[in-house]
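A.B. asks: Turn this into a structure:
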Amino acid sequence: MSLFDFVNARKAPKAPSSPAAPFRSTRSNASATAPEAVLRGLAPDGGLYVDPEIGKGGFDVQGCLTLDPFGQAERILTRLLPGFDDMHALVQRAYAGRFASDALTPLVPVGDDYVLELFHGPTAAFKDVALCMLPQLMTAARSLTGMKEKTVILTATSGDTGKAALEGFHDVPGTGIVVFFPHQGVSAVQEAQMLTQEGANVAVCAVRGNFDDCQSAVKQVFSRYANRAPVPGVRLSSANSINIGRLAPQVVYYFLAYASLMKQGRIRFGEAVDYVVPTGNFGDILAGWYAKQLGLPVGRLVCASNANRVLTDFLTTGVYDRRREFFKTNSPSMDILVSSNLERLLFYASGGDADCVRNDMLRLQNSGYYKISASALDFIRKDFSAYSCDEPGTLGEIRRCFQETGYLPDTHTAVALHAAQEYKQKESSGAPVVVLSTASPFKFPAAVLQALGEEPEGDAFRQMAQLSAVSGLEAPASLAGLQGKAYLHQDVIEKSDIADYVLEKLPRL
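C.D. replies: Sure thing, here's the model as predicted:
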């Protein structure tokens, strides 16, 4: 049964029929065009925008795979975000000259598997693929909608989104950006990337709490000002993957990986490829599911969690329960207990039942858990598997991978490599396995050095030099160049003060 037969069988509410407004909220029938959805980030009811007909209609997958990376990006984003006039120009402005590799995301063999390297952009993390594109989409959307107000981006980050968003939006006309990150909850390099950020329209603030605290508070600000301006002449939006304009570009690298395997002669078109994805907020792996709906021959999507294994438990049992101990780990971008993008998958798994999704989200907010139906869990488990890796396993995988293959992963990619080994032992069909990387290992030098049996020395920059000497690799210039830069942002606040901080900063951005 196809996704659309399944939706019809469940008698889902019909999406707006107008092709001008293909998106609707996960929590109601509220609709939006692609440019409107990109500008708003969240729907007015707090839901996330989805295309109920994501897989309906022809998409020339095989033709797309023959194009160069820019051409693939243009073709995919035109399909996922209809209504933008010149996607070719937007893609060129987003990516040309900004990535160290012409392939954007090179695929490299590691042992019997492959690692899709997503860290060759300006901030050495996978978020660059999307956050080089989002400012272009947002600028175009402002023009297409005739928007005159200033757009201020509010972003909560578990480490990498913050710098990638700051890099994309600093000094962009008509926009401002405020980034919140958990105080002492990111790596020293990630913190330095954010706190040294220049730009007249940026604010960066540490929050005493974890990522979930930051994300929840930012969502509350969006809800409070869903139908009114926080200050005259300002509208709020998001650069997190709750924004469909952030999520859509991530679909591209699944196609790039598949095209690379075809070019290497590893597969022929139509053969399945399994993808193992380290994820906390579920956007990175959901992009793979979107790629499958477009027709890419995706086999299994394997969700890799760290010690905060809320997603692994959910995908196994159908119960989402955030009422558990929160662990600070060496893979901080996955230190998340409330995975926002899962809401989009719940919409499809429930047959497009917005009432069901809204009630689940209310239960999560008020009671800390929800349970989906058996049919919804079956729908999800048809495509997804899940494994987790604890802290000793993460460090052990870094050491094993480097010693056996010569490849040095970061702490998040190591979680996925560990999950890939377990997946292949228990349920693999023999299809090629592509592991999505998260970041350069030089963003987490202390943990990687420990994994290699070395004692980290000095500050993060001395540790990067030490890691370079041990591994024979060079640190990305964007990271090494942070040394000696002044910290321009010093604010540290309580999580209860986020809304007031936003109102204070808006007139100055």
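A.B. asks: With just CA atoms, put stretch 245-261 into CSV.
C.D. replies: The C-alpha trace of stretch 245-261 is given here as CSV (Å, rounded to 0.1, in the frame of the first residue of the first chain):
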residue,chain,number,x,y,z
GLY,A,245,13.3,25.6,4.2
ARG,A,246,16.0,24.1,6.5
LEU,A,247,14.8,20.6,6.1
ALA,A,248,14.3,20.4,2.3
PRO,A,249,18.0,21.0,1.4
GLN,A,250,19.0,18.1,3.5
VAL,A,251,17.2,15.8,1.2
VAL,A,252,19.7,16.7,-1.5
TYR,A,253,22.7,14.8,0.0
TYR,A,254,20.8,11.5,0.1
PHE,A,255,20.6,11.8,-3.7
LEU,A,256,24.3,12.9,-3.9
ALA,A,257,25.3,9.7,-2.0
TYR,A,258,23.3,7.5,-4.2
ALA,A,259,24.6,9.2,-7.4
SER,A,260,28.2,8.7,-6.1
LEU,A,261,27.6,5.0,-5.5
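A.B. asks: State the mean pLDDT of that stretch.
C.D. replies: Mean pLDDT, stretch 245-261: 98.
A.B. asks: Apart from its chain neighbours, what residue comes closest to Q193?
C.D. replies: Using C-beta to C-beta, 6 or more residues apart in numbering and skipping the chain neighbours, the partner closest in space to Q193 is K163 (3.9 Å). Using the backbone N, CA and C atoms, a C-beta is placed for each residue, glycine as well.
A.B. asks: three-state assignment of the one you found?
C.D. replies: Following DSSP: H, G, I helix; E, B strand; the rest coil, the label given to K163 is helix.
A.B. asks: what's near enough to touch it?
C.D. replies: Residues in contact with K163 (C-beta atoms under 8 Å, 6 or more residues apart in numbering) are T123, A125, T157, Q190, Q193, M194, Q197.
A.B. asks: if you go through the stretch 101-250 of the chain in chain order, where are the strands?
C.D. replies: Along the stretch 101-250 of the chain, counting by DSSP state E, counting those that start in this stretch, strands occupy 107-110, 113-116, 150-156, 175-182, 202-208, 234-238.
A.B. asks: Actually, the stretch 401-509 of the chain.
C.D. replies: Ranges of strands within the stretch 401-509 of the chain are 433-436, 491-494, based on DSSP E, counting those that start in this stretch.
A.B. asks: Just to check, M334 is in contact with G280?
C.D. replies: Yes: counting by C-beta atoms under 8 Å, M334 does reach G280; the two are 3.8 Å apart.
A.B. asks: overlap in contacts of the two?
C.D. replies: Joint contacts of M334 and G280 (C-beta under 8 Å, 6+ apart) are S158, S305, N306, N308.
A.B. asks: Please produce a ChimeraX select command covering the buried subset of these.
C.D. replies: To isolate the buried members of the shared contacts of M334 and G280 in ChimeraX, using 16 or more other C-beta atoms under 10 Å:
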select :158,305,306,308
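A.B. asks: from the shared contacts of M334 and G280, which is closest to E427?
C.D. replies: Closest approach to E427 among the shared contacts of M334 and G280 (C-beta to C-beta): S305, at 16.7 Å.
A.B. asks: how near is that closest one to T139?
C.D. replies: To T139, S305 is 35 Å away according to C-beta to C-beta, to the nearest Å.
A.B. asks: what does L154 give?
C.D. replies: Separation of L154 from T139 (C-beta to C-beta): 18 Å.
A.B. asks: now G430
C.D. replies: Computed as C-beta to C-beta, the G430 to T139 distance reads 45 Å.
A.B. asks: Touching whichever helix or strand G288 is part of from outside, list them.
C.D. replies: Taking DSSP states H and E as the criterion, G288 maps to helix 283-294. For helix 283-294, contacts defined as C-beta under 8 Å, 6+ apart pick out 3, 54-55, 59, 61, 76, 79-80, 126, 241, 246-248, 250-251, 253-255, 275, 277-279, 298, 301, 303, 340-342, 344-345, 383-384, 436.
A.B. asks: Just the residues you listed: which are in helices?
C.D. replies: In this view, those that belong to helices under DSSP state H are 3, 61, 76, 79-80, 246-248, 250-251, 253-255, 342, 344-345.
A.B. asks: per-residue confidence for K56?
C.D. replies: pLDDT for K56: 87.
A.B. asks: how deep is it tucked in, by neighbour count?
C.D. replies: 13 (other C-beta atoms under 10 Å).
A.B. asks: Count the residues that sit near G57.
C.D. replies: Residues within reach of G57, counting by other C-beta under 10 Å, total 8.
A.B. asks: Equivalent analysis for the one 10 residues further on, please.
C.D. replies: Neighbour count of L67, defined by other C-beta under 10 Å: 15.
A.B. asks: residue contacts, it?
C.D. replies: By C-beta under 8 Å, 6+ apart, the contact set of L67 is E74, R75.
A.B. asks: repeat that with 10 Å
C.D. replies: L67 is in contact with A73, E74, R75, I76, F255, A259, counting by C-beta atoms under 10 Å, 6 or more residues apart in numbering.
A.B. asks: Which members of those are classed as buried?
C.D. replies: The neighbour-count test (16+ other C-beta under 10 Å) marks A73, E74, R75, I76, F255, A259 as buried among these.
A.B. asks: Have a look at G430 and T139 and say which one is more surrounded.
C.D. replies: Between G430 and T139, T139 has the larger neighbour count (other C-beta under 10 Å), namely 18 against 9.
A.B. asks: one step back: among the shared contacts of M334 and G280, which two are most distant?
C.D. replies: Going by C-beta to C-beta, the pair spanning these furthest: S158 and S305, at 13.3 Å.
A.B. asks: which residues do the two both contact?
C.D. replies: Counting by C-beta under 10 Å, 6+ apart, the residues touching both S158 and S305 are G280, S331, M334, I336.
A.B. asks: could you dump those to TSV with secondary structure and neighbour count?
C.D. replies: Output for these, formatted as TSV (DSSP: H, G, I helix; E, B strand; the rest coil; neighbours: other C-beta atoms under 10 Å):
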residue	secondary structure	neighbour count
G280	coil	28
S331	coil	30
M334	helix	29
I336	coil	24
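A.B. asks: For these, name the two members farthest from one another.
C.D. replies: Greatest spacing in those, by C-beta to C-beta: S331 and I336 (10.6 Å).
A.B. asks: so what sits against both of these two?
C.D. replies: Shared contacts of S331 and I336, counting by C-beta under 10 Å, 6+ apart, come down to S158, G280, S305, N306, N308.
A.B. asks: Out of those, which comes closest to G47?
C.D. replies: Nearest to G47 out of the shared contacts of S331 and I336 is G280 (C-beta to C-beta; 20.4 Å).
A.B. asks: got a list of what that closest one touches?
C.D. replies: Counted by C-beta under 10 Å, 6+ apart, G280 has contacts 158-159, 211-212, 303, 305-306, 308, 310-311, 331-341, 412.
A.B. asks: cool, G83 as well?
C.D. replies: G83 is in contact with 19-23, 33-38, 140-141, 144-145, counting by C-beta under 10 Å, 6+ apart.
A.B. asks: again, but for G481
C.D. replies: T196, A475.
A.B. asks: And the pLDDT at it?
C.D. replies: 95.
A.B. asks: ok, it to D102 distance?
C.D. replies: As judged by C-beta to C-beta, G481 and D102 stand 22 Å apart.
A.B. asks: And for M138?
C.D. replies: 26 Å.
A.B. asks: Give me the more crowded residue out of those two.
C.D. replies: Between M138 and D102, M138 has the larger neighbour count (other C-beta under 10 Å), namely 25 against 11.
A.B. asks: and the closest residue to the more buried one other than its chain neighbours, how many neighbours does it have?
C.D. replies: Sequence neighbours aside, V38 is the residue nearest to M138 in space, at 5.9 Å (criterion: C-beta to C-beta, 6+ apart). V38 has 29 neighbouring residues, counting by other C-beta under 10 Å.
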